[in-house]
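Novice: have a look at this prediction, sequence included:
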Amino acid sequence: MKTYLRILSYAKPYGRFVPVYLLYALLSIIFGLINFTLLKPLFDVIFEQVDPASLEQFAEKPEFSFSISYFTNLFNYNFLQVAEIYGKMGTLFYVCIIIVVSVFLSNLFTYLSGVVLAKVRATVIKRMRMDVFGKVSRLHIGYFSNERKGDLMSKMTNDVQEVENTIVQSLRVVFREPATIILYFSVLFMMSVKLTLFTILIIPIAGGIIGGITKRLKKRAIQSQQSLGRIVNILDETLGGMRVIKAFNAENFMSKKFDRETDYYAGVNVNMARKNELASPISQFLGVTVVAGILVYGGSLVLSGASELSASDFITYIIIFTQVLNPAKEISRAASSIQRGIASAERIFEVVDTPSQISSPSQPASLNDFKQSIQFKDVSFAYQEKKVLKNIRFSLEKGKTIALVGPSGGGKSTLADLVPRFYDPTEGQILLDGTDLRNFDLKDLRSLMGIVTQESILFNDSVFNNIAFGLDNITEKQVIEAAKIANAHEFIVKMENGYQTSIGERGSKLSGGQRQRLSIARAVLKNPPILILDEATSALDSESELLVQEALTKLMSNRTTLVIAHRLSTIQHADEILVIEQGEIVQRGTHSELMKSEGLYQKLSSIQSV
Ligand SMILES: Nc1ncnc2c1ncn2[C@@H]1O[C@H](COP(=O)(O)OP(=O)(O)O)[C@@H](O)[C@H]1O
Ligand SMILES: [Mg+2]
């Protein structure tokens, strides 16, 4: 229930539509009801049951009042007038015309209420998607480990869709059908209290049965949505890793994996459908059974002449009653689909409610410029239990370059990730110009930094937009200038549409070196005082490595740089080199100092020079 209301709260600025909707819905129900109540006089005319004596009381035009009796009296008054002037055929016409008019009005209002509802529905879904998207982009990097990616994508697509299909669809049922049932039942009560009491007995029984069916649906629905998340994940991995899959003849392996998951998914869904599909037939069966019961009971009352009901009353009664069955069926169907929707909504809200572990303080210290240094003070860090960095201490002065080297898995990338606050240290502090990073606004902090990593992160967009990424008001001239510095201009102008060429998903239409030079151009354009380079050339062949290295050297000039290199030759000029092994700084100094002392650096150097 809480979840349901929370979903509806996404419609908030549209709250004023609710009364409008209710009004339309109510009018459409009332006009619909009028149709059926008119059947009685219709039958009376046809079966020649009109008793002139009983109509005498309607010879006077009734006083206006806002009540049902005024309208019935008014109807009867006109009915009598018409009967006197035009005879039976006339009254038949009279009744039919009113029926046609009220059917028209009833459907008109159904249409109008449907339109209002569609607006609400579209708004709820749009705002929900935006909310999840916005929330997800604010979450800390650590949240996006790979196993969650498929699940997240599935939440943002399938689950939102599920909410749209079930919950929002059910709005109609939730608001409208109960009103229909209540109104119709009031009329039924007016017609015959005895019969109606008899029918009402059956409702709790039907409700109980359907409630029992839908009870365990939610758990299955959650299993089903989770499975769908894993399916999306496998798809994502397969499509992304197609080359490797083919090269290793692993199609079968992936296909088996996919088969297992889809099999499970199918199983859960069949299981769910077994219950889901039961709700509607059961309520239909119960409904017809009740009608049969009424026929027997009510029919006997009519036949024995023991009740106030005439034959035409009775037929009308049954017809009106059958009209209640449909809304009742709708409600039972909605009850089961709402369970699925709620399960999806809860999965979505789980993401929305995850607090970001990295956030800006409420009163950030001002940060306009980088002036002196970045200092690591006894910094330790652990992703989970195991420490990945231990007591790291160093200071990067403005304008200098510090290089990190060491065996893979030593913790270099992790260390670099702490500077833009992708993660926070578990112990110790990182100071920027003497102030803890955590005191700055994240945006301010990150705007001081440019990052180039081993995998260039590009987006399915034009070259221009990939370079100008995240920056506003950038001119073509600026982009070209940056591309020139990054040694990228030449190959870009050779592309079919130059700077407006689309580079494909993740830059798939470019070579590794070209992608990397675009990333560098992006960093050049941003022109940040602090640079973080994490093995920016390690994925490249030696020819493009040269071009990229040259671009990097231009980028680094006059900046403060933290560079991670796999190739020692590229960092010989660094002001200080930190050799990191198993999360610790095991050696430090300049290239020439380190070459003189025996140790890891010497060893690495001798391996590479072979
Ligand atoms: N997101 C992560 N979650 C858990 N452990 C991680 C994560 N990223 C890296 N690690 C672990 O942290 C250690 C250091 O990794 P990393 O900083 O990438 O090393 P390097 O860049 O020096 O090769 C490794 O043991 C790695 O397995
Ligand atoms: Mg690394």
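Specialist: Arrived safely. Numbering: from 1, shown residues only. Ligands and ions are numbered 1, 2, ... in the order given.
Novice: can you pull out the strands in the stretch 501-610 of the chain?
Specialist: 530-534, 560-564, 576-581, 584-589 (DSSP state E, counting those that start in this stretch).
Novice: kindly report the same for the stretch 301-450 of the chain.
Specialist: Using DSSP E, counting those that start in this stretch, strands in the stretch 301-450 of the chain cover 373-382, 387-397, 401-405, 427-432, 435-436, 449-452.
Novice: figure out which of the ones you listed is closest to residue 603.
Specialist: strand 401-405 (11.3 Å; CB to CB). Bear in mind the C-beta positions are built from the backbone N, C-alpha and C, glycine included.
Novice: please name the spatially closest residue to residue 588 (chain neighbours excluded).
Specialist: residue 578 (5.1 Å; CB to CB, 6 or more residues apart in numbering).
Novice: pLDDT-wise, which helix or strand of this structure ranks last?
Specialist: Every helix and strand of the chain was ranked by mean pLDDT, DSSP states H and E. The lowest is helix 52-55, at a mean of 61.
Novice: downstream of that helix, the next helix or strand is which one?
Specialist: helix 68-138 (DSSP states H and E).
Novice: need the next SSE after that following helix, C-terminal direction.
Specialist: Counting by DSSP H and E, what follows helix 68-138 is helix 146-154.
Novice: quick one, that next one and helix 68-138 angle?
Specialist: 150 degrees (axes from the mean of the first three to the mean of the last three CA atoms, to 10 degrees).
Novice: my guess is residue 26 contacts residue 179, does it?
Specialist: Yes. Using CB atoms under 8 Å, residue 26 is in contact with residue 179, at 6.3 Å.
Novice: excluding its backbone neighbours, what's nearest residue 94?
Specialist: Residue 94 sits nearest to residue 82 (CB to CB, 6+ apart), 4.5 Å away.
Novice: just confirm the one you found contacts residue 88, I think it does.
Specialist: No. Applying CB under 8 Å, one finds residue 82 not in contact with residue 88, separated by 10.0 Å.
Novice: which of these two has more residues huddled nearby?
Specialist: residue 82 (17 against 13; other CB atoms under 10 Å).
Novice: quick one on the thing from earlier: residue contacts, the residue nearest to residue 94?
Specialist: Contact partners of residue 82, counting by CB atoms under 8 Å, 6 or more residues apart in numbering, are 90-91, 94.
Novice: same question for residue 589.
Specialist: So residue 589 contacts 576-577, 597 (CB under 8 Å, 6+ apart).
Novice: also residue 513?
Specialist: Contacts were defined as CB under 8 Å, 6+ apart; by that measure residue 513 touches 540-541, 543-545, 547-548.
Novice: about what we covered before: make a markdown table out of the contacts of residue 589 and add pLDDT, distance to residue 114 and neighbour count.
Specialist: Shown next, in a markdown table, are the contacts of residue 589 (pLDDT from 0 to 100; distance: CB to CB, whole Å; neighbours: other CB atoms under 10 Å):
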| residue | pLDDT | distance to residue 114 | neighbour count |
| --- | --- | --- | --- |
| 576 | 95 | 70 | 18 |
| 577 | 95 | 70 | 24 |
| 597 | 88 | 81 | 10 |
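Novice: ok, and of those, which contact ligand 1?
Specialist: With CB under 6 Å from any ligand atom as the criterion, the subset of the contacts of residue 589 in contact with ligand 1 is empty.
Novice: quick check, nearest of the residues you listed to ligand 1?
Specialist: Proximity of the contacts of residue 589 to ligand 1 (CB to the nearest ligand atom) peaks at residue 577, which lies at 14.3 Å.
Novice: the closest one against residue 591, yeah?
Specialist: Yes. With contact defined as CB under 8 Å, residue 577 reaches residue 591; the gap is 6.3 Å.
Novice: out of the contacts of residue 82, which are buried?
Specialist: 91, 94 (16 or more other CB atoms under 10 Å).
Novice: out of the contacts of residue 82, which is nearest to ligand 1?
Specialist: Nearest member of the contacts of residue 82 to ligand 1, counting by CB to the nearest ligand atom, is residue 94, at 79.4 Å.
Novice: the residue nearest to residue 64 when sequence neighbours are not counted: what's it in contact with?
Specialist: Sequence neighbours aside, residue 70 is the residue nearest to residue 64 in space, at 6.4 Å (criterion: CB to CB, 6+ apart). Each residue near residue 70 by CB under 8 Å, 6+ apart is listed here: 62-64.
Novice: for residue 70, give me the pLDDT.
Specialist: Here the pLDDT value assigned to residue 70 is 74.
Novice: can you give me phi and psi for residue 406?
Specialist: Phi and psi for residue 406, reported as degrees, to the nearest 10, are phi 150, psi 170.
Novice: list the contacts of the nearest residue to residue 106 once chain neighbours are set aside.
Specialist: Take residue 106 and drop its neighbours on the chain: the residue closest to it by CB to CB, 6+ apart is residue 31, 3.5 Å away. By CB under 8 Å, 6+ apart, the contact list for residue 31 reads 102-103, 105-106, 109.
Novice: then residue 576?
Specialist: Residue 576 touches 394, 400, 402-403, 588-590, counting by CB under 8 Å, 6+ apart.
Novice: after the strand or helix carrying residue 222, next one along is what?
Specialist: Counting by DSSP H and E, the element that carries residue 222 is helix 217-240. Next helix or strand after helix 217-240 toward the C-terminus (DSSP H and E): helix 242-247.
Novice: keeping just the C-alphas, turn that following helix into PDB.
Specialist: C-alpha atoms of helix 242-247 as PDB (Å, rounded to 0.1, in the frame of the first residue of the first chain):
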ATOM      1  CA  MET A 242      31.500 -10.900 -29.200                       C
ATOM      2  CA  ARG A 243      35.100 -10.900 -30.500                       C
ATOM      3  CA  VAL A 244      36.400 -12.900 -27.600                       C
ATOM      4  CA  ILE A 245      33.500 -15.200 -27.600                       C
ATOM      5  CA  LYS A 246      34.000 -16.000 -31.200                       C
ATOM      6  CA  ALA A 247      37.800 -16.200 -30.900                       C
END
